[in-house]
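> Give me a 3D structure for the following:
(chains A and B)
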Amino acid sequence: MAGGKAASALSPAVQKLAALPILVTVATKRGDGSVQLNPVWFELKDGFIWLNSNTSRTWPKNLQRDRDVTMLLVDPKVPDRYAQIRGRLVSLIPDPKHEAIDHLAERYTGKKFRELEPGEHRVTLKIQPVAVTGQMI
Amino acid sequence: MAVELSPKMQAFTEEVFPAIIGTNRKDGSVEMVPVWFEQKDGSFWINGGTNRGWFKHLQRDARITLLLIDPKEMFRWAQVEGRMVNWAEDAGGDHINHLSHRYLNKDYQGPRTGRIKIQIEPLRVTGAVDGRR
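Below is the predicted model of the structure:
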């Protein structure tokens, strides 16, 4: 992938931003090549970015078709400071007991996730960061 | 065909926070960047230097997606799928100065030359603000 720093180690500034309970904006590609943007809960852990979704949502479907993903973190206090992280979906992990989404919900709300809706299935998406660009590198 | 923004959505676009834009690079990957914007008469307007990557992408592929999200309330967000329908030189930097007043309540401090303003027509709006995913 051209451009950007290798993300084997995200910079301390990016790690610090990722530790805040802010949303990451996830860009995926629709089948027609247009860009889909969604604000998503995430966690940076063990060098990977972990997302979780209801399997019926469009963005995880897009991501299974085209595993390349771009994510944007913006400093809530200084919008000019941001990190654009390009990554790749490396695995899709079913979350049948909704432990992963409960864990993420705790990070953002201090509480477990809501009761799942009938027929709702959750899945964890493990993203390998590939390159970082933006005003924080 | 352009869609009309709902009254809720119009009110949301008047709030002051940057939009995140996504454009298509030649290699098929997405570039994302936060930008100042305004909504006027149903169109979205952004401003930039002609050397910006996203402007080059838009000249090749006019499709652009904007994400608007309330920085204080993360469940208030909207996604606007649109396309660039027009762009023009921002002569004298009047438009960037106008945006600077919207965001910072003061004159634009950066260079006012070599800038362009871009008109984006919304084609589809989704997200929690309009109660649709």
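> So which bits of chain B are right by chain A?
B:17-18, B:20, B:22-24, B:27-34, B:61, B:63-67, B:69, B:71, B:74, B:77, B:79, B:81, B:133 (CB under 8 Å from any CB of the partner chain). (Glycine included, C-beta is placed from N, CA and C.)
> now do 7 Å
Contact residues, chain B versus chain A (CB under 7 Å from any CB of the partner chain): B:18, B:20, B:22, B:24, B:29-30, B:32, B:34, B:63, B:65, B:67, B:69, B:71, B:74, B:77, B:79, B:81.
> out of everything not next to it in sequence, what's closest to residue 55?
Just going to use chain A. A:H121 (4.5 Å; CB to CB, 6 or more residues apart in numbering or on different chains).
> wait, I meant chain B there
B:F55 sits nearest to B:G48 (CB to CB, 6+ apart), 5.7 Å away.
> Enumerate every residue touching residue 76.
No chain was given, so I picked chain A. A:22, B:71 (CB atoms under 7 Å, 6 or more residues apart in numbering or on different chains).
> actually it's chain B I care about, not the one you picked
So B:R76 contacts B:69-70, B:128-129 (CB under 7 Å, 6+ apart).
> out of these, who's nearest chain A?
Top of the list for closeness to chain A, among the contacts of B:R76 and by CB to the nearest CB, is B:I69 at 5.4 Å.
> how far away is the closest one from B:I20?
8 Å (CB to CB, to the nearest Å).
> Kindly report the same for A:V24.
The value you get for A:V24 to B:I20, if CB to CB is used, is 11 Å.
> what does A:K111 give?
Relative to B:I20, and taking CB to CB, A:K111 is found at 27 Å.
> where do the strands sit along chain A?
Assigned by DSSP state E, the strands in chain A fall at A:5-6, A:24-29, A:35-40, A:42-45, A:48-54, A:68-74, A:82-94, A:122-134.
> hmm, the second one in reach of chain B?
Yes: applying CB under 7 Å from any CB, one finds strand A:24-29 touching chain B at A:25, A:27, A:29.
> What of the third one?
Yes: residues of strand A:35-40 are located near chain B by CB under 7 Å from any CB, namely A:35-37, A:39.
> Longest helix in chain B, please.
helix B:94-104 (DSSP state H).
> helices or strands next to the helix or strand just after it in the packing?
Next along the chain after helix B:94-104, taking DSSP states H and E as the criterion, comes strand B:115-126. Judged by 3 or more CB pairs under 7 Å, 6 or more residues apart in numbering or on different chains; DSSP states H and E, strand B:115-126 is in contact with strand B:43-49, strand B:77-89.
> Report the distance from stretch A:14-27 to the chain centre.
8 Å (CA atoms, centre = their mean, to the nearest Å).
> among the helices and strands packed on strand B:115-126, which is the most enclosed?
Compared across the helices and strands packed on strand B:115-126, strand B:43-49 shows the largest average neighbour count, a mean of 21 (mean count of other CB atoms under 10 Å in any protein chain shown).
> average model confidence for that strand?
In this model, strand B:43-49 has an average pLDDT of 96.
> what's the angle from that strand to helix B:94-104?
100 degrees (axes from the mean of the first three to the mean of the last three CA atoms, to 10 degrees).
> what comes into contact with strand B:43-49?
B:21, B:35-38, B:55, B:66, B:80, B:82, B:90, B:95-96, B:99, B:114-122.
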